[in-house]
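> sequence below, structure please.
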Amino acid sequence: MICDRHPECPQPGDTAQLTRGNSIGADPTDTFVIVEDFPPTGRHLVLNLPVDHPGRADWAAAVPLADIATLTRLEPAGSRTWTPAPDPDEIQ
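I've put the predicted structure just below:
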């Protein structure tokens, strides 16, 4: 599970925009939905396309946390958008 639901960590259902030059070559203005992390290979997040995207049915990608530029989460009080903190294991 992703980060035991720490409020600043990505969670399933959050939307994400990626950094320019990300590992999957996505446009930084595209929006993705986080579905899960992928622990066997380290801190990767599995992304899907939004529900209304025509290519959603057969598409998913795994990206490192460093590829995430912003996260948006819908909460009872509204939505919030933030830049995730870098993974401490990747800071040198």
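
> hey, what's Gln17 bridged with?
Gln17 has these beta-bridge partners by DSSP bridges: Thr70.

> what of Phe32?
Those that pair with Phe32 in a beta bridge, by DSSP bridges, are Ala16.

> my guess is it contacts Ala26, does it?
Yes - judged on CB atoms under 8 Å, Phe32 makes contact with Ala26 at a distance of 7.5 Å. (C-beta placed from N, C-alpha, C; glycine too.)

> what sits in contact with each of the two?
18, 61 (CB atoms under 8 Å, 6 or more residues apart in numbering).

> these two: who's more crowded?
Phe32 (24 against 19; other CB atoms under 10 Å).

> low-confidence stretches in the chain?
1-5, 37-42, 53, 55-57, 87-92 (pLDDT under 70).

> please redo it, this time with the cut-off set to 90
1-12, 35-46, 48-62, 65, 75, 84-92 (pLDDT under 90).

> all set now, cheers.
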